[in-house]
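In: got a sequence here, can you model it:
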Amino acid sequence: MAAVDATVEKLRAQCLSRGASGIQGLARFFRRLDRDGSRALDAAELQRGLAKLGLALDTAEAEGVCRRWDRDGSGTLDLEEFLRALRPPMSQAREAVIAAAFAKLDRSGDGVVTVDDLRGVYNGRAHPKVRSGEWTEEEVLRRFLDNFDASEKDGQVTLAEFQDYYSGVSASVDRDEEFVAMMTSAWRL
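Out: Predicted structure coming up:
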């Protein structure tokens with residue numbers, strides 16, 4: 001396990017050295033490699049894909065990474081779990097501002113943000129597609145909510161899903177002060 005953790009640290013450092021788009025670019029690239037839509041890659045696919053990006057893993061490292069994120073015993077790694085692991089951990093300041101933004105959205109206080117919660121916080125009537133008649137306000141709110149929802153778009157966003165979304169954003173912002181300022185401004189906290 002220590003060797004796999006070291007490999008993940010190596011990949012994280014290589015991704016982060018590429019700046020804001022490092023991990024996000026890797027995510028897009030992996031999703032293109034996943035031709036069958038299984039959301040998984042085997043060790044050879046992982047190794048070839050990373051090599052194309054200039055991120056080198058030897059065969060043993062690729063196999064170890066696949067074993068670590070193999071959720072179903074198929075010998076493949078789960079892309080979403082792997083990409084989450086590549087993100088650097090967030091500081092308490094970042095976690096706190098994300099929780100504050102979530103609390104602002106969760107008007108019902110039940111720990112889940114729905115379209116009904118958004119109605120009191122986010123005004124979709126001014127959206128260009130609502131104004132043109134292409135979408136309803138309900139559609140705008142649902143699509144807005146879908147940005148934060150996990151791969152299963154169920155119309156409900158939990159704190160964990162919200163944190164996961166912002167963990168990806170956080171990976172591209174170097175300083176806590178910048179991230180907190182961005183969140184504070186975006187959510188008018």
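In: separation between Ser38 and Phe29?
Out: Separation of Ser38 from Phe29 (Cβ to Cβ, to the nearest Å): 16 Å. Yep, even glycine has a C-beta here, placed from its N, CA and C like the rest.
In: start to end distance for stretch 145-164?
Out: Distance between the two ends of stretch 145-164: 14 Å, counting by Cα to Cα, to the nearest Å.
In: ok, now stretch 118-134?
Out: 20 Å.
In: any buried residues in it, and which?
Out: By neighbour count on 16 or more other Cβ atoms under 10 Å, the buried set for stretch 118-134 is 118, 124, 127, 130.
In: what do you get for stretch 180-189?
Out: 180, 183, 187.
In: ok, these vs Phe102, which is closest?
Out: Proximity of these to Phe102 (Cβ to Cβ) peaks at Trp187, which lies at 9.1 Å.
In: contacts only, for that closest one.
Out: 100-101, 104-105 (Cβ atoms under 8 Å, 6 or more residues apart in numbering).
In: inside helices: which ones of these?
Out: 100-101, 104-105 (DSSP state H).
In: most neighbours, which of those?
Out: Of all these, the most densely surrounded is Leu105 (21 neighbours; neighbours counted as other Cβ atoms under 10 Å).
In: gap between Asn177 and Thr184?
Out: For the record, residue 177 is Glu, not Asn. Glu177 is 10 Å from Thr184, by Cβ to Cβ.
In: which neighbours do these two share?
Out: The contact sets of Glu177 and Thr184 do not overlap (Cβ under 8 Å, 6+ apart).
In: spatially nearest residue to Ala101, not counting backbone neighbours?
Out: Nearest in space to Ala101, with sequence neighbours left out and distances taken as Cβ to Cβ, 6 or more residues apart in numbering, is Trp187 at 4.1 Å.
In: okay, the one you found: pLDDT?
Out: The confidence metric pLDDT takes the value 92 at Trp187.
In: one step back: rebuild the contacts of Trp187 as JSON lines, extending it with distance to Leu57 and pLDDT.
Out: JSON lines is the format used below for the contacts of Trp187 (distance: Cβ to Cβ, whole Å; pLDDT from 0 to 100):
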{"residue": "Ala100", "distance to Leu57": "39", "pLDDT": "96"}
{"residue": "Ala101", "distance to Leu57": "36", "pLDDT": "95"}
{"residue": "Lys104", "distance to Leu57": "42", "pLDDT": "94"}
{"residue": "Leu105", "distance to Leu57": "39", "pLDDT": "93"}
